[in-house]
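Student: Sequence first, predicted model second:
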Amino acid sequence: MEITDTINYYVEPVEIEIYLKKAGKVRTIIKDMFVELIDVEPLPNETSKKIFEHFKSNNQPIDLIEITNLFPELISMVFESYYHNINLYEKLSLYFKAGLSGSTDSWRLALYFTELLMKFEPTIASSQYIGDFQTYNLNYLIRKLNQLGEKFLLEDATVLYLIKRRNKAYEGKPRDKEFEKLVELWQFNVKEHPF
């Protein structure tokens, strides 16, 4: 499948070993695996819809610290769910603001912070009130770095998460055998060379 608009994909390089029979050698090539980013829907409640609509309409990542400013009724819920990591969310908020002001490095740092903070989900705040803002932010940041032409790599666990989201969205649709083969090779490589 030929991908022309790469903004909406995470691109993961996959090593492929090819045996050259005549030369009797093994050659390694790199092929890009394009994992489509699947958009996140807000929870079916008014608060989640308002939060997603506000940040989406302003073309911004969902900033947990800003949520508490915009929706003061959520302050106690956010604090109860995130007090262990609130200092990281404050830094992430600063990276978001710096990124929106033009700092490419801040977008990259925000991506890595988001990857880290996703490991502590779900919380009561995200699962019952806000919605899956972490995945929204992950997609947002990947797209932003793609638009800026920046190269970056995600943790294997994050790549696997994106693959699972893509596969779930494509259930019942025609199979993409090339994508499936690349996923299989990527998973083999991860098992063979764990970091």
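Tutor: Nice, thanks for sending it over. Numbering: from 1, shown residues only.
Student: what about residue 76, distance to residue 150?
Tutor: 38 Å (CB to CB, to the nearest Å). C-beta coordinates here come from the backbone N, C-alpha and C atoms, glycine included.
Student: brain fart, residue 10
Tutor: Noted for residue 10: a distance of 12 Å to residue 150, by CB to CB.
Student: With neighbour numbers in mind, choose between the two.
Tutor: residue 10 (24 against 13; other CB atoms under 10 Å).
Student: buried residues in the helix or strand harbouring the more buried one?
Tutor: For residue 10, the host element (DSSP states H and E) is strand 9-20. By neighbour count on 16 or more other CB atoms under 10 Å, the buried set for strand 9-20 is 9, 10, 12, 14.
Student: Tell me the first helix or strand C-terminal of it.
Tutor: Next element after strand 9-20 (DSSP H and E): strand 25-36.
Student: Would you mind checking the average pLDDT for that following strand?
Tutor: Mean pLDDT, computed over strand 25-36, is 91.
Student: That one - contacts with which helices or strands?
Tutor: For strand 25-36, the elements it packs on are strand 9-20, helix 156-169, helix 177-192, judged by 3 or more CB pairs under 8 Å, 6 or more residues apart in numbering; DSSP states H and E.
Student: For residue 39, grab phi and psi.
Tutor: Torsion angles at residue 39 (phi, psi; degrees, to the nearest 10) stand at phi -70, psi 150.
Student: Run a quick neighbour tally on it.
Tutor: Other residues close to residue 39 by other CB under 10 Å number 12.
Student: Quick check: nearest residue in space to it, chain neighbours excluded?
Tutor: residue 139 (6.6 Å; CB to CB, 6 or more residues apart in numbering).
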